[in-house]
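1. Let me see the structure of the following:
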Amino acid sequence: MDIENAMSNAIQIIRKFDRFELKYLVPLKTAYVFRQALRAFLTPDDHGDNGGRYALASLYYDGPDLRFYHEKLDGINVRRKLRIRRYESSEPLTETTLVFVEIKQRVNRVTQKRRIVLPYRAALRLCNERIIPAHAPQDARVLNEIEWMLWQYNLRPVSIVRYARQAFIGSAYDPGLRVTFDTDLTFQVRHLQLDERPAGQPLFPTGWAIIEIKVNERMPYWLTELVAAHNLNLVRVSKYCRSIELAQDLPTPGWHFSPAR
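-> Next up is the predicted model:
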């Protein structure tokens, strides 16, 4: 199944959801061994290729004071961020390519997402020019929240993060369970257009991967055992925040920022 078509079909049904997310930063060898152990319990996500693989690109927005970045560092219990996300495919990104405009919110330990699907051009006009697109009635609430955030925090593009993902989903006995493996992570803070040629730099040293476990309620016992057996340790890692931290060591990007306090 074409990845872009599968994702756009899915969004017609799933516009918002809540879940718990656990993240682990591990060497590639550890990720490989853990992934092999998971195959007895999970199946590849059919939104990707036969192995559940696909590529992602996220264009993040923040204010001149990098409010979203600092809220994460300060451990604010209720925090949000805004991004345009594309599930990449072999087809070039055009003005009519469907993308997600997504609010990702953290409330204590629960991760919430609210999103709408728009053609790429309409997404840019919304987020960069504050021009409200035509939309379905059921998208009005999310769209109003996005518009409020854009004006309230004076949001503008600040970072693009790209990576390859392999995703696995639970059986009927573990509904809502999803485990992902992210590799080849890069970032860029200049030329912030998703349709331009990628010009990213490594987000993490070569040979590392991010494992994310996502559950609706609680982690299954068998998965808890596997995590312990492979010595996976929880980390507080944000791909967006990592990109801003690394940007401090680069020549001045096309926007002003002051992540240090």
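
2. what's the residue positioned nearest the centre of the chain in contact with, if anything?
-> Central residue of the chain (Cα atoms, centre = their mean): residue 58, 6.4 Å from the mean position. By Cβ atoms under 8 Å, 6 or more residues apart in numbering, the contact set of residue 58 is 83, 84, 85, 86, 160, 161, 162, 239, 240. Every residue, glycine included, has its C-beta placed from N, CA and C.

3. check which helix or strand covers it.
-> Residue 58 belongs to strand 53-62 when elements are defined using DSSP states H and E.

4. Same question for residue 125.
-> Counting by DSSP H and E, residue 125 is found in helix 120-129.

5. just to revisit the earlier point, for the contacts of residue 58, which one is nearest residue 38?
-> When the contacts of residue 58 are ranked by distance to residue 38 (Cβ to Cβ), residue 239 comes first, at 21.8 Å.

6. Give me the neighbour count for that closest one.
-> 20 (other Cβ atoms under 10 Å).

7. show me what contacts it?
-> 58, 161, 163, 185, 187, 203, 210.

8. repeat for residue 203
-> 161, 163, 185, 186, 187, 239, 242, 243, 246.

9. Which SSE is immediately downstream of the longest helix out of those in the chain?
-> Ranked by residue count under DSSP state H, the longest helix found in the chain is helix 140-152. Reading on from helix 140-152 to the C-terminus, the next helix or strand found by DSSP H and E is strand 156-169.

10. same for that following strand, what does it pack against?
-> If you count contacts as 3 or more Cβ pairs under 8 Å, 6 or more residues apart in numbering; DSSP states H and E, strand 156-169 packs onto helix 28-38, strand 43-44, strand 53-62, helix 120-129, strand 178-188, helix 239-247.

11. Right, I'll leave it there.
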